[in-house]
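Undergrad: What follows is a predicted structure for the sequence shown.
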Amino acid sequence: DAELQTDGNRSGHMQNGEPVFDPQVHDEVVRIIAAQLAEIGDQFDREIKARVVNDLVQHFLNENLSREEITRHMSEAVEGLARAIPSDMEQEKAMLVLAMVLTKKIANTMPSLLHHVFSTTVNYISQQLHNYIARMVSAGNG
């Protein structure tokens, strides 16, 4: 029931096989935020070096690493990339977009890792950026 939305579609979760959407979140606000994040993601996509992606792929392939260790490697990669982002962008926004772009790039490099990298990214975002996302949606509704 964890979703990673980057395409402007509504996010929600499933209950008894049916989608359940938060009535407080307006579809248009979510679409606008998603479109902005997708545009930033396209810019970041061109700037992320293959070495960063390949290093993360190797961590995901290492069966000796725990979920927490892999999440830590994801976090270190995102934070390292975020330090190179222009200072006029909110750090949390940059980290959110970088996490999603890295997920896409890892899955494109090694499709068999999609489920694992997706769940790690959702875990990372939930742990590190949940409050930022809530503030962003609340500001859009206000």
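TA: Thanks, I have it. Numbering: from 1, shown residues only.
Undergrad: Please enumerate the strands of this structure.
TA: Listed in chain order, the strands of the chain (DSSP state E) span 13-15, 18-20.
Undergrad: list the buried ones in stretch 95-103?
TA: Residues of stretch 95-103 classed as buried by neighbour count (16 or more other CB atoms under 10 Å): 95-103. C-beta coordinates here come from the backbone N, C-alpha and C atoms, glycine included.
Undergrad: and it, how far from the chain's centre?
TA: For stretch 95-103, the separation from the chain centroid amounts to 4 Å (computed by CA atoms, centre = their mean, to the nearest Å).
Undergrad: Pull the residues that contact it.
TA: Contact with stretch 95-103 is made by 4, 6, 37, 40-41, 44-45, 48, 52-53, 56, 74, 77-79, 81-82, 85, 117-118, 121, 124-125, 128-129, 132-133, as judged by CB atoms under 8 Å, 6 or more residues apart in numbering.
Undergrad: With respect to V29, which of the buried residues of stretch 95-103 is nearest?
TA: Distance to V29, by CB to CB, is smallest for L96 among the buried residues of stretch 95-103, at 15.9 Å.
Undergrad: how near is the closest one to Q58?
TA: Going from L96 to Q58 by CB to CB, to the nearest Å gives 24 Å.
Undergrad: Same check on E92?
TA: Noted for E92: a distance of 27 Å to Q58, by CB to CB.
Undergrad: Now do the helices in this protein.
TA: In the chain, the helices defined using DSSP state H lie at 27-47, 50-61, 67-82, 91-109, 114-128, 130-141.
Undergrad: Next, format those as a markdown table and append mean pLDDT.
TA: Shown next, in a markdown table, are these (pLDDT from 0 to 100):
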| stretch | mean pLDDT |
| --- | --- |
| helix 27-47 | 84 |
| helix 50-61 | 94 |
| helix 67-82 | 93 |
| helix 91-109 | 93 |
| helix 114-128 | 93 |
| helix 130-141 | 81 |
